[in-house]
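*Asks:* whatever this is, show me its structure:
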Amino acid sequence: MGLKAFNYGANAVCLMKNNHKYGMICAWATQVDYDKIVMLLGAQSVTGRNITKGDVLGVSVLSIHQEDVMNTLGENHSDEIDKFQHLNFILDGSAILINDASINMVVEVIDVLKLEGIEEDNLVYGLIKSYTVGKDPMLTI
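*Replies:* Okay, here's the model as predicted:
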């Protein structure tokens, strides 16, 4: 499908689980209430497959100066390489937050849903527990 109906952002979805760091880039994310978000994570994502109800994630909306972070987290799989080896981040419980992002959110997973037609993918529904706003504009892809 060639339609790009919206201007998609570069959102880093990261967490520490079972002593392993997972991270990916999600373009298909949106706010659905003042304190709720949804993110569609593709079936190919190791990070997406490891996210379950009750997990606490870091969701970092990358800034215009973080294209290198987008490329690092968007390439390869978290079970193949350490994507965080050269990244600046902080750990807030199990949430991994990327330094200098436009927005950093700690998000608790309310549910992981399967929808007809995209059953292989994971629709993550989350509650924003806390957030900070950075100084730089958001990166779009």
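
*Asks:* list the buried residues in whichever helix or strand Tyr125 is part of.
*Replies:* Applying DSSP states H and E as the criterion places Tyr125 in strand 122-133. The neighbour-count criterion (16 or more other C-beta atoms under 10 Å) identifies Asn122, Val124, Tyr125, Gly126, Ile128 as the buried residues of strand 122-133. C-beta coordinates here come from the backbone N, C-alpha and C atoms, glycine included.

*Asks:* Three-state assignment for Met70, please.
*Replies:* Under DSSP: H, G, I helix; E, B strand; the rest coil, the three-state class of Met70 is helix.

*Asks:* next one: the residue lying closest to it once chain neighbours are set aside from Glu120, what distance?
*Replies:* Among residues not flanking Met70 along the chain, Ala10 sits closest, at 4.4 Å (C-beta to C-beta, 6 or more residues apart in numbering). In this structure, Ala10 lies at 23 Å from Glu120, with C-beta to C-beta, to the nearest Å as the measure.

*Asks:* pick out whichever of these two has more residues nearby.
*Replies:* Between Ala10 and Glu120, counted using other C-beta atoms under 10 Å, the more crowded position is Ala10 (26 against 9).

*Asks:* touching, the more buried one and Asn71? I think so.
*Replies:* No - counting by C-beta atoms under 8 Å, Ala10 does not reach Asn71; the two are 9.5 Å apart.

*Asks:* run through who's touching the strand holding Tyr125.
*Replies:* 13, 35-41, 43, 45, 48-49, 51, 56-57, 59, 102-115 (C-beta atoms under 8 Å, 6 or more residues apart in numbering).
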